[in-house]
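*Asks:* test case, fold it:
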Amino acid sequence: MSRDWTTSIEEVMDSLHVLVEQGKVLYLGISDTPAWVVSAMQTYAIRANKTPIAIYQGRWVCPSPPQPT
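*Replies:* Presented below is the predicted three-dimensional model:
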């Protein structure tokens, strides 16, 4: 899933829930998204009795290797 940052969390989760109900999606997964956004999405899904996110791969921060001096 790619987040567009202009659509509300509620609309995104409602739409994904519809896809699960239709059998087009088995599980919801999200990656490269700030943890606070995933937390808000998960909280909404649980409170609204929608399909929750099943898997989350957090943002990766790969530091650059040290440069020779």
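*Asks:* what about Leu19, distance to Pro34?
*Replies:* Computed as C-beta to C-beta, to the nearest Å, the Leu19 to Pro34 distance reads 23 Å. The C-beta positions use only the backbone N, C-alpha and C, and glycine is treated the same way.
*Asks:* can you check Gly58 too?
*Replies:* Distance from Gly58 to Pro34, by C-beta to C-beta: 9 Å.
*Asks:* one more: Ala45?
*Replies:* The separation that Ala45 has from Pro34, given C-beta to C-beta, amounts to 17 Å.
*Asks:* out of the two, which sits in the more crowded spot?
*Replies:* Under the criterion of other C-beta atoms under 10 Å, the comparison of Ala45 against Pro34 puts Ala45 first, with 21 against 11.
*Asks:* give me phi/psi at the residue nearest the centre of the chain?
*Replies:* Per C-alpha atoms, centre = their mean, the C-alpha nearest to the average position across the chain is that of Ile30, at 3.6 Å. With angles defined as degrees, to the nearest 10, Ile30 sits at phi -150, psi 150.
*Asks:* what number of residues lie near Gly23?
*Replies:* 7.
*Asks:* part of a strand, is it?
*Replies:* No - Gly23 sits outside any strand when classified using DSSP: H, G, I helix; E, B strand; the rest coil, being coil.
*Asks:* mind starting the numbering at 2 from now?
*Replies:* Noted, 2 is the first residue going forward, which turns the last one into Gly24.
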